[in-house]
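Participant: Please work out how this folds:
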Amino acid sequence: MKSTLHVAFSLSVALLTVAACGDDDTGGPGGGAGTGNGGSAGRPPEQTGAYCEVDDDCFPDVAEDALQGDALCLTAVRDGYCTHTCTTDDDCCAATGECKTDLPQVCSPFQSEDGMMCFLSCEDEDVDRVDDVEDEQAFCQRYASSDFICRSSGGGSNNRKICVPGDCGIGADCSTTDDCAADLECFTTYRGGYCGLAGCLLNDDCPGDALCVVSDDGNNYCQKPCTAASDCTLCRHDGLNAVCSDDVTFAEADASGSVCLPVAP
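Facilitator: This is a model prediction of the structure:
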């Protein structure tokens, strides 16, 4: 049985996440329903992880000099990521007004960036506290943002598992082609739209690890591969999910696997 603290964490974050997703003012750069490289329908209900362009964009609700570290806009991730320097996990959420939910945070290095910074956590112990997600990716999507993935911070011996923006490429929702990553187009015949690429003949014609699939309409499309449901909910908002299915015909006779299939209107 989960402890009272664990249950409280699950309920409070769920309620705050629903509220944040319903706020039309949470859109980032680029706006709109699409994600592409230009933003999403929302970021976390936390100040850590919020959109930013410069350091001064971050933690506006915290009194000057109250943070246990210096506010930073981490521009090494898409659309920026508000954080602050830290020494230990306890430095994250230490200031009054800094944290709005019980979302766990960790103090971690990040790739080749200097110093340690606060990040939304998807460490195993934090994911295990809730019972309504099937994996760490679904945890970040549900409680941080539908655009976020769980990944290694790249911190060497101090490495942590953190929720940060993922690559919204093939499979992202969209309203127009401008919502999609470069060289992709928006297929609006599907509910919520689907960023993809038409006219492939081989898997090598598709970007990244996308697979060339023969659609029911007789055309070939590059579609996102998947191994779990959370692969197909990434960068799809307001319940506009695709499904992970192996019931497809691949353009290459010896190809196999599963892809994220969008839902028809």
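
Participant: gap between Phe148 and Asp55?
Facilitator: Phe148 is 21 Å from Asp55, where distance means CB to CB, to the nearest Å. For the C-beta atoms, the positions are set from N, CA and C on the backbone; glycine is no exception.

Participant: between these two, who's got more neighbours?
Facilitator: With neighbours defined as other CB atoms under 10 Å, Phe148 and Asp55 compare such that Phe148 has more, 28 against 17.

Participant: residues touching that one, list them.
Facilitator: Residues counted as contacts of Phe148 (CB atoms under 8 Å, 6 or more residues apart in numbering) are 44, 49, 120, 140-141, 163-166.

Participant: pLDDT wise, what is it at?
Facilitator: In this model, Phe148 is scored at 95, pLDDT.

Participant: quick check, nearest of the contacts of Phe148 to Glu113?
Facilitator: Val164 (12.1 Å; CB to CB).

Participant: Number of residues surrounding the closest residue to the closest one other than its chain neighbours?
Facilitator: Leaving aside its sequence neighbours, Val164 sits nearest to Val77 (CB to CB, 6 or more residues apart in numbering; 5.3 Å). Residues contacting Val77 under the criterion other CB under 10 Å number 15.

Participant: So Val77 versus Tyr51, what's the distance?
Facilitator: Per CB to CB, Val77 is found 11 Å from Tyr51.

Participant: first to last residue in stretch 154-169, what's the distance?
Facilitator: End-to-end span of stretch 154-169 (CA to CA, to the nearest Å): 22 Å.

Participant: Buried residues of it, list them for me.
Facilitator: 155, 160-166, 168-169 (16 or more other CB atoms under 10 Å).

Participant: Ok, stretch 254-265 next?
Facilitator: 258-262.

Participant: Thanks a lot, catch you later.
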